[in-house]
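>>> Quick check, what structure comes out for this input:
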Amino acid sequence: MKITMIGTGYVGLVSGACFADFGHDVVCVDKDAGKIAAIESGRMPIFEPGLDQLVGGNAAAGRLTFTTDLAAGVKGADAIFIAVGTPSRRGDGHADLSYVYAAAREIVAALDGPAVIVTKSTVPVGTGDEVERIARELRPDLDIQVVSNPEFLREGAAIGDFKRPDRVVVGTTGSDRAIAVMSQIYRPLNLNQAPLMFTGRRTAELIKYAANAFLATKITFINEMADLCEAVGAEVQDVSRGIGLDNRIGGKFLHAGPGYGGSCFPKDTLALVKTGQDHDAPIRIVETVVQVNDLRKRAMGRKIVKALGGDARGKTVALLGLTFKPNTDDMRDAPSLAIVQALEDAGARIVAYDPEGMDVAAPMMPSVTMAKDAYEAAQGADALVLVTEWDIFRALDLKRIAGSMSGKALVDLRNIYPLAEAQDAGFTLTRVGGLGSAA
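Modelled structure (predicted):
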């Protein structure tokens, strides 16, 4: 089938490349000529393991092409996916749908025959209705079906998630043609026995937000349990395992840390809160999750200051990891941003290292010195802080690092290192929610 993907951001580029790998003919469209040129030359706009090979291989095979010409890109397409950004709108926190609606208008104006328009972007309930209204208003002569097909991709594992998904959700208004097209597009996943779930369009839109809000709630719950563990002398990792072994709960997303960030959870939880308020159905749990998570990130800065004896002025703090999670260069709402700000407000000097995120992070934290590796970052530091759990930080030579530092404070915000190992290296360990914590 011929598929057109509008937008070559995280979702659009990964989805387009994976569809091409399934054997479909895919055209990716983006207004940014520089981005298109970079992709065609093999330079990806994002870091995602395996993406450059996937794009390059399918482009070489002729199944994946790129263009800035939307009108040409949608010609003859069986399905056109909208995968543009839906950032939080300034002022009220609602999802900004201007890019979605602008894309819909351009698509509809360029169509030369019947088509299925698919919203792949994360959009609030009712967005598909508005896209359909736009289509009927501009092209009443065409059979245009509007479908919701939310993505459930984890940054750092997106290709595997796309090809081996837990489920594929497709929301329609019951059109046989739309169901047939979407079934054919995802037919290759039958080999992996991935469930293709058809629902109403508004239901599909809500499923995406509900899923992200629930996961964000699990993260926030275990983070608050971590604070309680520190207060009463319990161990949050054991609490997490003890409740996670219950099949009704499950162990995923029960790892205490500095709070969630990234491109999805912060904006999606906020958008869901606003949707609930607009429909007089407030979601109090999610409202609290948003508030607690925002406060937690800066609290981690105070935790570091406490580990320094309560005074960070004139001291050097080495941060390991800047991105919101490993295997990505995404700095959106990363906990490190609030941590850096809190430390700078306390008068600390900061040196940092991240395997992939420093180019993106540098303009966002101009006073931070970027190091070439973890050992250089720690040289002469008063405190070493593990912020992001990159694999490269899991087996550091702690004795070597401790010997090069001016102080001996190790603040492990991801609970990577056992207390005994840190103490054996000469560190005073501060953890999240566990014995040995200094906060």
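
>>> Now do the same contact list for residue 71.
Neighbouring residues of residue 71 by Cβ atoms under 8 Å, 6 or more residues apart in numbering: 106, 109-110. The way it works is simple: take the backbone N, C-alpha and C, and place the C-beta from them, glycine included.

>>> And those residues, which of them are buried?
Burial by neighbour count, judged by 16 or more other Cβ atoms under 10 Å, picks out residue 110 from the contacts of residue 71.

>>> what's whichever helix or strand residue 179 is part of packed up against?
Using DSSP states H and E, residue 179 maps to helix 176-185. Contacts defined by 3 or more Cβ pairs under 8 Å, 6 or more residues apart in numbering; DSSP states H and E place helix 176-185 against strand 79-82, strand 115-119, strand 144-148, strand 168-172, strand 196-200.

>>> List the buried residues of the helix or strand following the second one.
Once the chain leaves strand 115-119, the next helix or strand it forms, by DSSP H and E, is helix 127-138. By neighbour count, and taking 16+ other Cβ under 10 Å as the criterion, the buried residues in helix 127-138 are 127-128, 131-132, 134-135, 138.

>>> so what does helix 127-138 touch, helix or strand wise?
Helices and strands touching helix 127-138, by 3+ Cβ pairs under 8 Å, 6+ apart, are helix 98-110, strand 115-119, strand 144-148, helix 201-232.

>>> out of these, nearest to residue 164?
With Cβ to Cβ, the closest approach to residue 164 among the helices and strands packed on helix 127-138 belongs to helix 201-232: 17.1 Å.

>>> That closest one - what's its average pLDDT?
Averaged across helix 201-232, pLDDT comes to 97.

>>> Could you identify the helix or strand that succeeds it?
Later in the chain than helix 201-232, the nearest helix or strand by DSSP H and E is helix 236-244.

>>> can you pull the alpha-carbon coordinates of that next one into CSV?
Extracted in CSV, the C-alpha atoms of helix 236-244 (Å, rounded to 0.1, in the frame of the first residue of the first chain):
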residue,chain,number,x,y,z
VAL,A,236,12.0,1.2,48.3
GLN,A,237,13.6,-1.3,46.0
ASP,A,238,12.2,-4.1,48.2
VAL,A,239,8.8,-2.4,48.4
SER,A,240,8.8,-2.1,44.6
ARG,A,241,9.6,-5.7,44.1
GLY,A,242,7.2,-6.8,46.8
ILE,A,243,4.2,-5.1,45.2
GLY,A,244,5.4,-5.6,41.6
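
>>> Contact partners for the residue lying closest to residue 61 once chain neighbours are set aside?
Closest residue to residue 61 apart from its sequence neighbours, by Cβ to Cβ, 6 or more residues apart in numbering: residue 20 at 7.9 Å. Taking Cβ under 8 Å, 6+ apart, we find residue 20 in contact with 26, 58, 61, 63-64.

>>> and residue 20, that one's in a strand?
No. Per DSSP: H, G, I helix; E, B strand; the rest coil, residue 20 lies outside any strand segment and is helix.

>>> What does the pLDDT read for it?
Confidence score, pLDDT, at residue 20: 98.

>>> How much space separates it from residue 162?
11 Å (Cβ to Cβ, to the nearest Å).

>>> In three-state terms, label residue 35 for me.
Classification of residue 35 using three-state DSSP returns helix.

>>> Please apply the same query to the one 4 residues further on.
Reduced to three states with three-state DSSP, the structure at residue 39 is helix.

>>> who touches it in this structure?
Contacts here follow Cβ under 8 Å, 6+ apart; on that basis residue 39 touches 8, 13, 28, 45, 55, 66.

>>> Contact partners for the residue nearest to the first one when sequence neighbours are not counted?
This means residue 8. Nearest-residue entry for residue 8: residue 30, 4.2 Å, with adjacent residues in sequence omitted and distances by Cβ to Cβ, 6+ apart. By Cβ under 8 Å, 6+ apart, the residues touching residue 30 are 7-8, 12, 36, 66, 68.

>>> Need the pLDDT of the residue of the chain most remote from its centre.
Most distant from the centre of the chain: residue 141, at 39.4 Å, with distances by Cα atoms, centre = their mean. Per-residue confidence (pLDDT) for residue 141: 93.

>>> Surely it is in a helix?
No. Going by three-state DSSP, the assignment for residue 141 is coil, not a helix.

>>> thinking residue 262 is in contact with residue 325, fair?
Yes. Counting by Cβ atoms under 8 Å, residue 262 touches residue 325, with 6.5 Å between them.

>>> any residues in contact with both of those two?
residue 155.

>>> ok, how many other residues are close to residue 383?
Residues contacting residue 383 under the criterion other Cβ atoms under 10 Å number 28.

>>> Do you know the pLDDT at it?
Confidence score, pLDDT, at residue 383: 98.

>>> Would you enumerate the residues in contact with it?
By Cβ under 8 Å, 6+ apart, the contact list for residue 383 reads 304, 307-308, 315-318, 407, 409-411.

>>> Now the nearest residue to it once chain neighbours are set aside: phi and psi?
Among residues not flanking residue 383 along the chain, residue 409 sits closest, at 3.9 Å (Cβ to Cβ, 6+ apart). Note on residue 409: its backbone torsions stand at phi -90, psi 120 [degrees, to the nearest 10].

>>> What residues are bridge-paired with residue 409?
residue 383, residue 428 (DSSP bridges).

>>> give the contact list for it.
Residue 409 makes contacts with 307-308, 382-384, 427-428, 430, as judged by Cβ under 8 Å, 6+ apart.

>>> in which helix or strand would I find residue 325?
For residue 325, there is no host helix or strand (DSSP H and E).

>>> can I assume it is in contact with residue 388?
Yes. Counting by Cβ under 8 Å, residue 388 is a contact partner of residue 325 at 6.6 Å.

>>> who has more neighbours, the two?
A count of neighbours by other Cβ under 10 Å puts residue 388 above the other of residue 325 and residue 388, at 27 against 20.

>>> Please, which helix or strand holds that one?
Using DSSP H and E, residue 388 falls outside every helix and strand.

>>> Flag every buried residue along stretch 168-175.
Those would be 168-172, for stretch 168-175 by 16+ other Cβ under 10 Å.

>>> Please apply the same query to stretch 75-85.
Neighbour counts over stretch 75-85 (16+ other Cβ under 10 Å) mark 77-85 as buried.

>>> same deal with stretch 281-290?
For stretch 281-290, by 16+ other Cβ under 10 Å, it's 283, 286-287, 289-290.

>>> Now do the end-to-end distance for stretch 244-260.
19 Å (Cα to Cα, to the nearest Å).

>>> Quick check: mean pLDDT of it?
Regarding stretch 244-260, the rounded mean pLDDT is 97.

>>> same thing with stretch 397-412?
pLDDT averaged over stretch 397-412 gives 97.

>>> So what would you say the end-to-end distance of it is?
15 Å.

>>> Equivalent analysis for stretch 63-79, please.
Using Cα to Cα, the end-to-end distance of stretch 63-79 comes to 15 Å.
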